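Undergrad: I'll drop the sequence and a predicted model, then ask my questions.
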Amino acid sequence: MSVKKNESTTICEHCVHQSDIFRYLTTEEYEQMTYVKSCNSYKRGDIVYHEGNRVGGIYCIGKGIVKHYKTGIDGKEQIVRFSKKGDIFGFRSVLSEEVACTSTKVIEDASICFIPVGNFFDWIKHNSDFSMRIMKLSCKELGEANQYIIDIAQKSVRERLAEFLLLLLDNFGTDSDGNLNISLTREEIAGLVGTATESVIRLLSEFKADNLIELERRQIKILNAKQLKRICDVF
């Protein structure tokens with residue numbers, strides 16, 4: 001793993017604007033954050049931490065995208081979710097004082113800041129607004145996890161893939177050419193949808209043939225979001 005210290009972003013004001021959570025810090029707490037945090041650059045494929053590791057603080061993404069996944073007994077990755085610019089992660093393991101339940105890998109070159117656990121707990125104890133935002137964020141992620149379990153149990157792979165593409169569109173948007181602002185391998189898509197890579201390749205080809213999407217290597221363009229919504233039964 002090639003992690004490079006990025007001194008130029010150790011003291012940065014844009015964290016407050018990128019992450020909604022830090023807007024609830026007081027001026028004094030924000031100044032403390034810019035002093036105690038450390039920022040590092042990561043390349044695609046770098047591991048931030050492994051499942052089962054102790055997490056000594058929280059992470060905030062200044063740039064890039066990471067995936068959170070569990071590894072099965074066969075070594076296959078089961079992607080749980082993604083985090084992008086402005087998102088924080090690692091806080092649930094910190095709050096529960098448990099080891100990380102997922103691994104985190106960079107899928108788009110990233111700049112990620114680390115804030116020590118002691119400072120994070122101080123803000124929770126003394127700043128009720130910040131504490132409430134952390135609580136709401138935890139509940140939101142729990143709700144998403146519950147919905148994912150329901151989808152796996154009740155929806156077909158075709159329905160899950162259509163829903164997944166719409167989630168990518170909603171969460172990451174598109175570039176100037178209309179392609180999704182996230183580049184994923186077919187294996188990564190299969191890992192989140194919860195199926196075999198071969199099934200994803202076949203279904204993506206079917207969606208392309210039906211003029212629902214366009215494919216160019218890892219780039220995906222949504223052509224008919226309305227029809228994808230019908231497929232996954234999202235209204």
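TA: Yep, it's here.

Undergrad: Quick check: buried residues in the helix or strand hosting I220?
TA: Per DSSP states H and E: I220 is located in strand 219-222. Buried residues in strand 219-222, counted by 16 or more other Cβ atoms under 10 Å: I220, K221, I222. C-betas here are computed from N, CA, C, even on glycine.

Undergrad: would JSON lines of those residues with pLDDT be doable?
TA: Formatted as JSON lines, these follow (pLDDT from 0 to 100):
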{"residue": "I220", "pLDDT": "93"}
{"residue": "K221", "pLDDT": "94"}
{"residue": "I222", "pLDDT": "94"}
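
Undergrad: What is the strand holding I220 packed up against?
TA: Contact analysis of strand 219-222 by 3 or more Cβ pairs under 8 Å, 6 or more residues apart in numbering; DSSP states H and E lists helix 157-172, strand 213-216 as its packing neighbours.

Undergrad: Out of those, indicate the one that is most buried.
TA: helix 157-172 (a mean of 19; mean count of other Cβ atoms under 10 Å).

Undergrad: Summarise which helices and strands it is packed against.
TA: By 3+ Cβ pairs under 8 Å, 6+ apart, helix 157-172 packs against helix 128-154, helix 186-193, helix 197-209, strand 219-222, helix 225-232.

Undergrad: Ranking those by mean neighbour count, which comes first?
TA: helix 186-193 (a mean of 21).

Undergrad: re the thing from before, can I get the helices and strands packed on strand 219-222 in CSV with mean pLDDT and distance to V117?
TA: Below are the helices and strands packed on strand 219-222 laid out as CSV (pLDDT from 0 to 100; distance: least, Cβ to Cβ, whole Å):
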stretch, mean pLDDT, distance to V117
helix 157-172, 91, 28
strand 213-216, 91, 42
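
Undergrad: To M132, which of the ones you listed lies closest?
TA: helix 157-172 (23.4 Å; Cβ to Cβ).

Undergrad: Alpha carbons of that closest one, as CSV, please.
TA: Written as CSV, here are the backbone C-alpha positions of helix 157-172 (Å, rounded to 0.1, in the frame of the first residue of the first chain):
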residue,chain,number,x,y,z
VAL,A,157,-30.8,-10.2,-9.3
ARG,A,158,-32.2,-8.2,-12.2
GLU,A,159,-34.2,-6.0,-9.8
ARG,A,160,-31.3,-5.5,-7.5
LEU,A,161,-29.0,-4.5,-10.4
ALA,A,162,-31.5,-1.9,-11.7
GLU,A,163,-31.8,-0.5,-8.2
PHE,A,164,-28.1,-0.4,-7.7
LEU,A,165,-27.6,1.6,-11.0
LEU,A,166,-30.2,4.1,-9.8
LEU,A,167,-28.4,4.4,-6.4
LEU,A,168,-25.2,5.1,-8.2
LEU,A,169,-26.9,7.8,-10.3
ASP,A,170,-28.4,9.4,-7.2
ASN,A,171,-25.3,9.3,-5.0
PHE,A,172,-22.6,10.1,-7.5
